[in-house]
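1. Structure for this input, please:
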Amino acid sequence: MKPTYYLPVVALSLLTLAGCANTAPYGGDVYRGNQAQTAQSVDFGTITAIRPVQIQAGSQDTSMLGGLGGAVVGGLLGNQVGGGSGRKIATAVGAIGGGVAGGKVEDRANRVNAWEIEVQRDTGSSVVVVQKADRNFQVGQRVRLIGSGANLSVAPY
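-> Numbers count the residues shown, from 1 in each chain. Predicted structure coming up:
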């Protein structure tokens, strides 16, 4: 069997893995391990504004699987074109194009729909929290603000 028959399987596998970022921590119902069995502060308030946003899961510095996978697939495809120095050029162009395309596919796959929720606390101060859109919130809804600082989530009252 020629190696080109494996190309679609390899491409699909790499692009599938590229979209495997763990987006669970961005939800209001998920706690990290270090938050379990620790005291969390609770404030109460009312939602004054809400808008849909997106969270870019993962980071471009730590996750290169999409770009790397795309470069491999692009290089393999480019290697199927022409002969001699033309083949080398096609392989290089395919690898570069595949790397760029694979990185963009990975970035798009790692986006999470979220809410930017502005809450006026009962104390009068306001806070904005961004979290995964895993529940429906509405302006005027009473909510609990759980945690503090970088570990603050909004939950129904």
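
2. ranges for the strands of the protein?
-> 42-56, 111-121, 126-132, 142-146, 153-156 (DSSP state E).

3. could those strands be laid out in CSV, adding mean pLDDT, mean neighbour count and distance to residue 96?
-> Where you see a C-beta, it was placed from the backbone N, CA and C, and this is true even at glycine. Shown next, in CSV, are those (pLDDT from 0 to 100; neighbours: other CB atoms under 10 Å; distance: least, CB to CB, whole Å):
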stretch, mean pLDDT, mean neighbour count, distance to residue 96
strand 42-56, 93, 14, 23
strand 111-121, 92, 18, 24
strand 126-132, 92, 17, 34
strand 142-146, 95, 18, 47
strand 153-156, 92, 18, 42
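
4. Reformat the ones you listed as a markdown table; add distance to residue 83.
-> Below are the strands of the chain laid out as a markdown table (distance: least, CB to CB, whole Å):
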| stretch | distance to residue 83 |
| --- | --- |
| strand 42-56 | 42 |
| strand 111-121 | 41 |
| strand 126-132 | 51 |
| strand 142-146 | 64 |
| strand 153-156 | 59 |
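
5. can you tell which of the ones you listed is closest to residue 80?
-> The minimum distance between residue 80 and the strands of the chain falls on strand 111-121, with 32.3 Å, by CB to CB.

6. Mind listing the strands the closest one pairs with, and their directions?
-> Sheet pairing for strand 111-121, assigned by DSSP bridges, gives strand 42-56 (antiparallel), strand 126-132 (antiparallel).

7. Could you list the residues in contact with it?
-> When contacts are defined by CB atoms under 8 Å, 6 or more residues apart in numbering, strand 111-121 is touched by residues 23, 26, 43-57, 126-133, 137, 143, 145, 154.

8. quick one: low-confidence parts of the protein?
-> 1-38, 58-72, 74-75, 78, 82, 91, 94-95, 98-110 (pLDDT under 70).

9. One more pass at 90, please.
-> The chain contains residues with pLDDT under 90 at 1-41, 54-113, 132, 134-135, 147-153.

10. Before I go, just wanted to say thanks for your time.
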